[in-house]
Structures are given as structure tokens and as C-alpha cells.
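Asker: Provided below for reference: sequence and predicted model.
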Amino acid sequence: MDHFDLKNGSIHCEEVPLELIADEVGTPVYVYSAATLRRHARVLKAALADLDNPLIAYAVKANPNPAVLSVLAREGLGADIVSIGEYRAARAAGIDPECILFSGVGKTAAEMAEAISGGLKQFNLESVEEAHTLSIVARSMDAIAPVALRINPDVEAGTHAKITTGTSDNKFGIPAADALAAFRELRGLPNLNVTGITVHIGSQLTSLAPLQAAFERLGAIIAELRADGFELEIADLGGGLGVPYGAGQPEPPTPEAYGDMVKRVTRDWNIRLAFEPGRLISGNAGVLLTRVVRVKPGETHPWLIVDAAMNDLMRPALYDAYHHVEAVHPSGRRATAHVVGPVCESGDTFAMAREMDEVAEGDLIIFRTAGAYGAAMSSGYNSRPLTPEVLVDGDRWALVRRRLDLADAASLPLPEWLRSRD
Ligand SMILES: Cc1ncc(COP(=O)(O)O)c(C=O)c1O
Ligand SMILES: N[C@@H](CCCC[NH3+])C(=O)O
């Protein structure tokens with residue numbers, strides 16, 4: 001249940017009619033359900049409940065909206081972050097630094113220093129070279145940095161190539177065969193405390209088999225490291241579990257099935273487990289609400305031109321991703337249309353030849369499952385403002401990020417030499 005349901009003939013988010021939000025905030029606008037965020041956090045916590053003190057670190061990159069982070073912080077979730085901006089957002093939302101994992105292949109020395117002084121659970125390192133930099137930074141601060149090393153298990157995740165992260169063609173982690181040598185090198189570096197190991201093979205995974213293969217590989221490496229004297233405290237199993245995007249799309253395994261598989265595979269590991277779910281928590285907690293600007297006749301089907309575009313929701317243009325389309329006031333009639341935005345690229349296409357609710361100029365529609373990697377990936381392309389965001393909680397709602405015109409926000413007065421014409 002995602003709390004975006006038909007009530008009295010129109011789609012509501014929890015108790016609030018989407019039409020009301022469109023009228024007051026304008027479109028396009030992202031709308032998030034606090035109840036759905038809480039429900040997803042609780043379902044995952046329940047699926048992992050038999051584990052000993054699991055750390056669930058929400059992948060902030062999926063949706064870093066401060067209101068979303070605040071709801072999740074209150075559910076007791078930690079944060080998996082990949083930049084100092086995400087670190088600050090997580091801390092500002094009240095997330096305990098002891099529940100923050102710092103991932104990413106390109107952490108800078110400045111980012112490392114700020115995270116060390118602010119506090120965190122561990123750095124998830126992606127290379128031995130990165131460990132050398134962190135060691136120098138920690139030493140200069142007279143601090144000890146807790147670190148885990150990310151293993152690349154070379155497992156095909158069966159998802160879109162651009163969001164696969166665990167094969168030897170990807171930039172992430174170190175090859176499994178090099179793990180022991182890499183851990184030994186880390187052990188020799190000053191001011192690092194080697195506490196963990198991590199793996200993450202990709203996003204929107206719809207089968208458990210590649211995850212299980214990756215975890216089994218990790219288990220073998222943990223045994224090898226322990227035999228070599230490493231005392232590991234944390235095995236971080238990453239994120240990646242897919243969500244249902246709707247009709248005809250592959251159905252992902254349930255969190256319960258995922259939890260059962262994890263418990264089976266890690267039964268004898270005797271280690272604290274961490275998880276980095278992003279999409280699973282926020283994906284189906286949000287929709288993109290947009291209005292039909294114009295209906296233009298087409299050769300095969302009409303072009304439905306909406307006021308959202310690829311800059312607001314990039315996933316269809318970038319990954320050919322499917323987002324379910326629905327009218328906010330469905331008439332009951334169905335039609336087939338191409339749904340596109342106003343941006344000057346043919347890639348600005350949300351759906352081709354989609355059978356959907358029949359709509360006309362001025363009508364509101366939603367793209368579902370837009371709560372993860374929607375607003376987070378938006379841009380100001382075509383001098384379009386960044387999309388506003390609204391959080392609904394029961395019958396209350398609030399604008400939690402205003403529409404932002406990047407041209408206004410970032411522009412500076414022209415330099416004198418450019419103003420004088422000759
Ligand atoms: C290191 C890491 N952890 C967690 C995630 C979150 O992934 P997802 O949103 O698929 O759960 C990602 C993104 O793929 C990631 O790169
Ligand atoms: N941005 C991707 C997911 C990437 C996950 C980050 N490693 C998407 O929209 O599906």
C-alpha cells in the first residue's frame with residue numbers, strides 16, 4: 001500500500017487531494033507520503049528483526065529531502081552517504097553519526113576530514129589508494145578512522161547496465177581475489193582501524209540469486225580474513241533490492257524473502273550486518289504530479305505534452321525506465337498516447353504508445369514510484385526551475401522544498417570587462 005489512492009473519484013495522497021496541492025503549489029511537483037516512508041522502514045525492520053542489532057542505513061542519494069530524512073531518522077534509520085553534502089543533510093535531520101556509513105569512490109581529503117571531525121560509523125573505502133589518503137588525513141588530525149573495504153564480487157546483477165555496480169567492468173570496490181592483500185595493506189597504515197567489509201552490486205534488482213551469490217562470496221572472504229587475524233565487526237550488504245514499478249514490470253522479491261535469504265546465508269558469520277536500502281524505502285513513497293499542457297495530434301497516437309520534463313524525472317530518458325501514468329480524475333475511459341515533456345530533446349519522453357486513462361488539456365496526471373532518484377536527480381536544463389516537493393502526513397501537508405530557479409539562485413553580476421562593449 002503506497003497511500004496514493006482514489007477517494008471520491010480523485011487520487012489523494014493519504015487524506016489530501018492531489019488537486020489541492022497542484023492548485024496551491026503549481027505543477028510539476030513531487031508529493032511524498034510520510035505514512036508510506038514509515039511503513040517501508042517498518043516492513044524492512046521486521047524482515048530483518050531476527051538479526052542481532054542490524055544497522056539500516058538509508059541511502060540518502062535516493063531522496064535527500066530534509067523532511068524525508070527527518071521522517072526516516074525518527075524511524076531509527078541511519079544513513080549511507082556519498083558526499084559531504086549528504087553527510088550534512090543526514091546530521092541536520094538528526095541521524096546519529098554512529099549510524100552513518102560514508103561510501104563512494106571519490107571522497108576528497110576535505111570530505112574525509114569533515115566527516116572525521118563530525119563523527120561517523122565507518123568509511124566504506126573503495127580502493128587501497130583511498131585508504132592511503134584517509135590515513136594521511138586521520139594522522140594529521142590525530143584521529144583514528146574506522147574503515148571497511150568494498151569488495152567487487154564480479155556478479156552480474158541482472159539490472160540496467162548503468163546501475164550495475166558489482167562486475168569487473170565497474171569502477172566500484174576491489175576485486176575479490178585481491179581482498180586479502182588489500183586488507184593486509186590497510187592493516188599496515190597508521191590511524192586506520194579496519195572494522196568491516198562491504199558489497200553492493202547494483203540497484204533495482206528483481207532477483208535474489210545475484211545478491212545471494214555476492215553475499216556467499218563475501219562470507220568466504222570474511223572467513224579468509226579472520227583466519228589471517230582480522231577482527232571484523234561489520235559486514236555491510238549494501239542496498240539494491242528492487243521495487244514494483246507497476247503493470248508488466250518485473251516483480252522484485254519481498255523484503256521478507258530478502259530477509260530470509262540473508263539470514264540463511266549469514267547464519268554462521270557471527271558479525272553485525274548493515275544494509276543500505278534507498279529505493280526500497282522512498283521509491284513508492286512519492287509521485288510526480290504534472291498537468292497536461294497540450295494534446296498534439298500524432299501519426300499513430302496523440303502526443304500528451306505535460307509540464308514535467310526529463311529535467312524533473314530523468315529515469316525514463318536515462319534508463320528507459322517505466323513509470324506508471326494515471327489521471328488524478330480518471331473518467332473511466334482509456335486511450336493510447338505518447339507522454340512527453342516540453343524539453344528540446346526527443347529523449348524527453350516518459351512513455352511511448354502507453355495505454356492509460358484518457359486525459360485532456362489541463363488535466364492532472366501522476367507518474368508513480370517517483371520518490372527515489374526523482375527529485376534527487378533533477379536539473380535546471382532548459383532553464384527550468386528545480387521541482388518543488390511536498391510531504392503529506394495524514395491530513396496535513398507542507399511544501400518541503402520550494403521551486404528553485406537556478407538561474408536566479410546562482411547568477412552573479414556580469415564582470416565589468418564583459419559589460420563594456422569594446
Ligand atoms: C553503495 C550504495 N549503497 C546503496 C545504494 C542504494 O541502492 P538502492 O536504492 O538500489 O537500494 C547505492 C545505489 O545503487 C549504492 O551505490
Ligand atoms: N539513479 C538510479 C539508481 C542508481 C543508484 C545509485 N547507485 C535510478 O534511478 O534507478
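Answerer: Arrived safely. Ligands and ions are numbered 1, 2, ... in the order given.
Asker: going forward, measure contacts and count neighbours with C-alpha atoms only.
Answerer: Will do.
Asker: what's the burial count for E129?
Answerer: 11 (other C-alpha atoms under 10 Å).
Asker: Contact partners for it?
Answerer: E129 makes contact with no residue, according to C-alpha atoms under 8 Å, 6 or more residues apart in numbering.
Asker: now with 10 Å?
Answerer: 135, 186 (C-alpha atoms under 10 Å, 6 or more residues apart in numbering).
Asker: That one belongs to a strand?
Answerer: No - read with DSSP: H, G, I helix; E, B strand; the rest coil, E129 is helix and lies in no strand.
Asker: pLDDT value on it, please?
Answerer: For E129, the model assigns a pLDDT of 97.
Asker: So which residues of the stretch 201-350 of the chain form helices?
Answerer: With DSSP state H, counting those that start in this stretch as the criterion, the stretch 201-350 of the chain has helices at 208-227, 255-265, 279-282, 315-319.
Asker: The shortest one near ligand 2 anywhere?
Answerer: No - contact check for helix 279-282 against ligand 2, using C-alpha under 6 Å from any ligand atom: none in range, with a minimum separation of 7.9 Å.
Asker: now swap in stretch 165-177 and tell me
Answerer: No - counting by C-alpha under 6 Å from any ligand atom, ligand 2 is not contacted by stretch 165-177; separation bottoms out at 7.4 Å.
Asker: which residues touch that stretch?
Answerer: 104-105, 124-128, 149-157, 159, 161-164, 179, 182, 198-203, 210, 214, 217-218, 220-221, 240.
Asker: Show me how to select, in PyMOL, the buried members of those.
Answerer: With 16 or more other C-alpha atoms under 10 Å as the criterion, this PyMOL line picks the buried residues out of these:
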select buried, resi 104+124+125+126+127+128+149+150+151+152+153+154+155+156+157+159+163+164+179+182+198+199+200+201+202+203+210+214+217+218+221+240
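Asker: Can you pull the residues of the stretch 201-350 of the chain lying near ligand 2?
Answerer: So far as C-alpha under 6 Å from any ligand atom goes, the stretch 201-350 of the chain lies against ligand 2 at 203, 315.
Asker: where in the stretch 201-350 of the chain is pLDDT low?
Answerer: For the stretch 201-350 of the chain, no stretch has pLDDT under 70.
Asker: Pull up the residues of it that are close to ligand 1.
Answerer: Counting by C-alpha under 6 Å from any ligand atom, the stretch 201-350 of the chain sits next to ligand 1 at 202-204, 238-241, 276-280.
Asker: before we move on, back to that, now, the contacts of stretch 165-177 that are in strands?
Answerer: Members of the contacts of stretch 165-177 lying in strands (criterion: DSSP state E): 124-125, 149-152, 198.
Asker: State the pair within those that is farthest apart.
Answerer: Within those, two members stand farthest from each other by C-alpha to C-alpha: N124 and N152, at 12.6 Å.
Asker: Now list whatever residues contact both of these two.
Answerer: Between them, N124 and N152 share these contacting residues under C-alpha under 10 Å, 6+ apart: 173, 198-199.
Asker: Please name the bridge partners of the closest residue to ligand 1 within the stretch 51-200 of the chain.
Answerer: Closest approach between the stretch 51-200 of the chain and ligand 1, counting by C-alpha to the nearest ligand atom: A59, at 5.0 Å. Note on A59: beta-bridge partners by DSSP bridges are D80.
Asker: was I right about it contacting L241?
Answerer: No - contact criterion C-alpha atoms under 10 Å: A59 and L241 do not qualify, at 11.9 Å.
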